[in-house]
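In: Quick one, fold the following:
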Amino acid sequence: MNTPLISVIVPVYNAATLLVSALESIVSQTDLALEIVVVNDGSTDESHEVARKWGENIPANQLNFQLLDQINSGPGQARNNGIEAANGEYIAFLDADDLWAPDSLKIRLDKLIEGQFDAVLGLTQTFSTPNPQNPAELNFVGEPFVFMNVGSALFKKTAFKTIGGFSPTMKGSEDVDWFFRARDNGLKLHTLQQVTLWHRRHENNLTRGQSLANLDFHLALKRSLDRRRASQSTETSAPFSQKDSTN
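Out: Numbers count the residues shown, from 1 in each chain. Model (predicted):
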């Protein structure tokens, strides 16, 4: 296969019943060279075992598969560890309870290469599963929207070398914080008008019922404003680059 390798990082925390659906959503993307890196974030359910068994059933010549374990540290650290282990030229993310729209990864890759972008985002479509016994039955909720969710995007791996990884200390909005940093530091981002991510709403969502303050959205916004104010108040020919994702 002549297409470039895409490493798909799947953080999972206590999502054993949904993980296989996410993984099958990845391998259903057509005409792509894929590597899947599942990062088990200290799950106390069967997530590790489900991922291990699934990976053992994938032919080695079909895709690369890695399973990493970490002490429960949150999705930011899980994604960072996945990036470190990734072998692909391009990086994608899919949470264990979400799905990708059919062929959406190919759409993102084509646009990213065509426009020489650092990252390409698509639209997000929220859905629920009315019947827990039939997870394939999807109920789409509302209209597609633009949301800074890494699951809707595709990245050049070099973007993370330039900007750094995700903040491991934020309680939420670590993906929003990364996109703000990318924009503030001049990376080329592009938003597609196609749905790429199907985002599942369910009672165990980490963000469900949380305020923006509890999810550190205000912190991400403040950091971005501080960077832009500092950039406007200083005259320098050297571009600002924040590689420490914890600042």
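In: list the buried ones in the host helix or strand of R52?
Out: In the assignment (DSSP states H and E), R52 maps to helix 47-56. Buried residues in helix 47-56, counted by 16 or more other CB atoms under 10 Å: S47, H48, V50, A51, W54, G55. The C-beta positions use only the backbone N, C-alpha and C, and glycine is treated the same way.
In: same thing with stretch 29-42?
Out: Q29, L32, A33, L34, E35, I36, V37, V38, V39, N40, D41.
In: Ok, stretch 65-83 next?
Out: Of all the residues in stretch 65-83, those buried under the rule 16+ other CB under 10 Å are 65-68, 70, 73-83.
In: what comes into contact with the lengthiest strand in the chain?
Out: Taking DSSP state E as the criterion, the chain has its longest strand at strand 189-200. Contacts to strand 189-200, defined as CB atoms under 8 Å, 6 or more residues apart in numbering, come from residues 18, 97-101, 104-105, 107-108, 111-112, 115, 117-129, 138, 140, 144, 146-147, 149, 151-153, 179, 182-183.
In: Could you tell me which of these count as buried?
Out: 18, 97-101, 104-105, 107-108, 111-112, 117-127, 129, 144, 147, 149, 151-153, 179, 182-183.
In: Mind checking which of the residues you listed are in helices?
Out: Here DSSP state H is the test, and the buried ones among the contacts of strand 189-200 give L18, S104, L105, I107, R108, K111, L112, F179, A182, R183 as lying in helices.
In: In JSON lines, list the residues you listed along with distance to G165 and pLDDT.
Out: Formatted as JSON lines, those follow (distance: CB to CB, whole Å; pLDDT from 0 to 100):
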{"residue": "L18", "distance to G165": "25", "pLDDT": "93"}
{"residue": "S104", "distance to G165": "24", "pLDDT": "97"}
{"residue": "L105", "distance to G165": "21", "pLDDT": "98"}
{"residue": "I107", "distance to G165": "25", "pLDDT": "97"}
{"residue": "R108", "distance to G165": "20", "pLDDT": "98"}
{"residue": "K111", "distance to G165": "24", "pLDDT": "98"}
{"residue": "L112", "distance to G165": "19", "pLDDT": "98"}
{"residue": "F179", "distance to G165": "13", "pLDDT": "94"}
{"residue": "A182", "distance to G165": "12", "pLDDT": "95"}
{"residue": "R183", "distance to G165": "16", "pLDDT": "92"}
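In: and which of those residues is nearest S167?
Out: F179 (12.1 Å; CB to CB).
In: Please tell me how far that closest one sits from Q116.
Out: Counting by CB to CB, to the nearest Å, the gap from F179 to Q116 is 18 Å.
In: repeat for E24
Out: 32 Å.
In: between those two, who's got more neighbours?
Out: Neighbours per residue, other CB atoms under 10 Å: of E24 and Q116, the larger number sits with E24, 12 against 9.
In: That'll do, ta.
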